[in-house]
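*Asks:* Generate coordinates for the sequence data below:
(2 chains)
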Amino acid sequence: MILEARDVRKLYGAYVALDGVSLSVREGEFVSIIGPNGAGKSTLINLLTGMLAPSGGSVRFKGKDIGGIGMVALTRLGMARSFQLVQIFPELTVLESLQAAVISRLGGGARIFASLAGDGRIRADALDVATLFNLADKAHVLTRELPQGDKKLLDVASAFALRPEIILLDEPTSGVSTADKHAVMEILVGAAKRIGLRAIIQVEHDMDIVFGYSDRIIALHQGKVLADATPAQIEADAQVMDMVVGRRHTPRLADPSPPLGERAG
Amino acid sequence: MRIATVLTLVSLALLAIPLVAPAYYVTLMLPFMAYGVVLLGLNLLFGYTGLVSFGHALFIGIGAYTGAVLTSRFGVRQMELILPAAALAAAVVAAPVGALCVRYVKIYFGMLTLAFGMVFYTFLLKFYKLTGGDEGMRMLRPSLLGSEWAGLSKTAYLVGPYYYFSLAVLVLATLLMWRIVRSPFGLCLKTIRENQVKAESLGVSVPLYRWYAFMVSAVYAAVGGALLATPTGNVDPTLAYWTHSGNIVFMVLLGGFASFFGPLLGAFVFIFLQDTVMSVFPYWRLTFGAVLAFMVIFAPGGLMGLFARPRPVEVSRG
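*Replies:* Residues are numbered from 1 along each chain as shown, chains lettered A, B, ... in the order given. Down below sits the predicted model:
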């Protein structure tokens, strides 16, 4: 058990955002959290990443209570996250963005008189991650000049550059064109294997992605866990499909489009 | 290579100025070099970390008063001791002040630094016995490299040994800051400026790094303040007044905060423009207000921004 939420409640005043949510993520799993708007997904993410403290119950990462400890402390413990709305450093290059994560991981950020350009290890490590995400040839491009798909990849790549044990992806394919979604996921899953991630958690609306990549799906509804089962079991459950997926879902076989790096432009 | 060429030419010019320029203009170079040191530090906060301090005259004041107190009260005349003492005094004050200020951003950070600046100004004004009140205190001629330069007149001292000493300090401060903004630390500061949420998600402890930057900028301001005290002669509380803080922010804007050398250019233009305007027109603040408005509207990148794309200098190519 890497990550575990036990009977978590979160209240905002009188409003109950999460009402007794329990879930766990085990070694090697790819877990998706789904649910309609207002189901409590955002609150759950903020609790799982230590950004909020639960009103009741506990959230444990590798056995440690992480309620409200904050992202900085959580990255030290070995968890990283990406964001639904892409978060980048507009005026920094791709390489610099990744170097920042590597510096953070190696713990040398306070070396005030050291030369960054002269540090081969930081550079090599950042370039490795860039290569994993097909961004190596854009290493010196300012991130604000990247196409949207690459920005999304960079957001995730910088989280990977922390070499976390577990990563939480908040809608990794939102804002990515339908044609590129599978390519993004292929890159992501490939990179996860390469750096030896122990588990991936994602929140995702795109059901093709959810059903195509998850080992397990946790469906939230009105602040409660409605279902926690394999994709096949979820699909067979007409009630969950209606309430959470919102339609009868017929998953297509994953049809990966060419990787992002091979596109023109 | 263009930058290297420009820098070489500027360095040669700076070395030659006392030999070729009239003494009056050479003495104007002294505040330029002192402010240059101040602004390098201020821009670590402003341009690189994204925090605008409206209270940095506080640290100029600490540096200048350290010099005045040491020379007038304690008979310490060596500039080589005064500068580290100024840096130390600034660090001691900046540690708690910075710890409080860096929890806030944008206008709240600016207002809080302004408030601390005003507290210090009042302290200088009211604690007469220690500070000389509104009359201030004299900064006696410091010794440089072990010599009092007793044979030189005041002007000869300022345009000779003191000029080159100031230049050496400015060059050293520039090289050090050049290194700082290109260090892993410098990159972390830029991530904070660019996107605080993302920086935190990558494990960058935002308040801690802001505090480091605040400390460095305070030390720079105090060293610059101590350098400024000698040509000023009499150190008084107006050095720590908020309009002085406003002036140095203006210098940064004038030169361009997005560029490493922008603030130095800003200090240079400010000093010489002020001198020119004041000699022909009594209302120099009116002129400066107009210039500031013009810059913000038409050239937000400052003078450096007119020459180059925004942020060209600091974008490291690995």
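
*Asks:* how near is B:Tyr25 to B:Asp275?
*Replies:* 9 Å (Cβ to Cβ, to the nearest Å). Backbone N, C-alpha and C define where each C-beta goes, glycine included.

*Asks:* all helices for chain A, in order.
*Replies:* Per DSSP state H, chain A carries helices over the ranges A:41-48, A:71-77, A:94-106, A:120-132, A:148-160, A:178-195, A:207-213, A:231-236, A:238-240.

*Asks:* Mind listing what's buried along the fifth one?
*Replies:* Residues of helix A:148-160 classed as buried under the neighbour-count rule (16 or more other Cβ atoms under 10 Å in any protein chain shown) are A:Gly149, A:Asp150, A:Lys151, A:Lys152, A:Leu153, A:Leu154, A:Asp155, A:Val156, A:Ala157, A:Ser158, A:Ala159, A:Phe160.

*Asks:* What of the fourth one?
*Replies:* Of the residues in helix A:120-132, A:Ile122, A:Arg123, A:Asp125, A:Ala126, A:Leu127, A:Val129, A:Ala130, A:Thr131, A:Leu132 count as buried by neighbour count, 16+ other Cβ under 10 Å.

*Asks:* Is it possible to get TSV of the residues you listed that adds distance to B:Leu70 and pLDDT?
*Replies:* Shown next, in TSV, are those (distance: Cβ to Cβ, whole Å; pLDDT from 0 to 100):
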residue	distance to B:Leu70	pLDDT
A:Ile122	42	92
A:Arg123	45	93
A:Asp125	48	93
A:Ala126	47	95
A:Leu127	51	95
A:Val129	52	95
A:Ala130	52	95
A:Thr131	57	94
A:Leu132	57	93
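
*Asks:* from these, which single one is nearest A:Glu145?
*Replies:* Nearest to A:Glu145 among the buried residues of helix A:120-132: A:Ala130, at 15.4 Å, using Cβ to Cβ.

*Asks:* so what's that closest one closest to, chain neighbours aside?
*Replies:* Using Cβ to Cβ, 6 or more residues apart in numbering or on different chains and skipping residues adjacent in sequence, the residue nearest A:Ala130 is A:Ala136, 4.4 Å away.

*Asks:* same question, A:Thr93
*Replies:* Per Cβ to Cβ, 6+ apart, closest to A:Thr93 is A:His140, 5.2 Å.

*Asks:* Tell me how far the one you found lies from A:Ser97.
*Replies:* Distance of A:His140 to A:Ser97, given as Cβ to Cβ: 12 Å.

*Asks:* A:Gln202 too?
*Replies:* From A:Gln202 over to A:Ser97 (counting by Cβ to Cβ), the distance is 21 Å.

*Asks:* Mind checking which of these two has more residues around it?
*Replies:* A:Ser97 (31 against 24; other Cβ atoms under 10 Å in any protein chain shown).

*Asks:* Would you confirm that that one contacts A:Glu91?
*Replies:* No - using Cβ atoms under 8 Å, A:Ser97 is not in contact with A:Glu91, being 10.4 Å away.

*Asks:* Need the overlap of contacts for those two.
*Replies:* With contacts defined as Cβ atoms under 8 Å, 6 or more residues apart in numbering or on different chains, the residues shared by A:Ser97 and A:Glu91 are A:Thr143.

*Asks:* Spit out the contact partners of the closest residue to A:Leu168 other than its chain neighbours.
*Replies:* Spatial nearest neighbour of A:Leu168, chain neighbours left out: A:Arg81 (4.3 Å); criterion: Cβ to Cβ, 6+ apart. Residues near A:Arg81 by Cβ under 8 Å, 6+ apart: A:Ile45, A:Thr49, A:Met71, A:Ala159, A:Ile167, A:Leu168, A:Leu169, A:Asp170, B:Ser201.

*Asks:* nearest to A:Asp180, of those residues?
*Replies:* Distances from A:Asp180 to these, taken by Cβ to Cβ, are shortest for A:Leu169, at 15.5 Å.

*Asks:* mind listing what the nearest residue to that closest one once chain neighbours are set aside touches?
*Replies:* Distance criterion Cβ to Cβ, 6+ apart; nearest residue to A:Leu169, sequence neighbours excluded, is A:Gln202 at 4.2 Å. When contacts are counted by Cβ under 8 Å, 6+ apart, A:Gln202 touches A:Phe30, A:Val31, A:Ser32, A:Ile33, A:Leu168, A:Leu169, A:Asp170, A:Glu171, A:Pro172, A:Val210, A:Tyr213, A:Ser214.

*Asks:* at 10 Å what do you get?
*Replies:* Applying Cβ atoms under 10 Å, 6 or more residues apart in numbering or on different chains, we find A:Gln202 in contact with A:30-34, A:45, A:82, A:167-173, A:185, A:188, A:209-210, A:213-214.

*Asks:* That one bridge partners, please.
*Replies:* A:Ser32, A:Leu169 (DSSP bridges).

*Asks:* so how far is chain B from it?
*Replies:* 16 Å (Cβ to the nearest Cβ, to the nearest Å).

*Asks:* Relative to B:Leu130, how far out is that residue?
*Replies:* 62 Å.

*Asks:* One more: A:Leu106?
*Replies:* 46 Å.

*Asks:* Same question for B:Ala21.
*Replies:* B:Ala21 is 39 Å from B:Leu130, by Cβ to Cβ.
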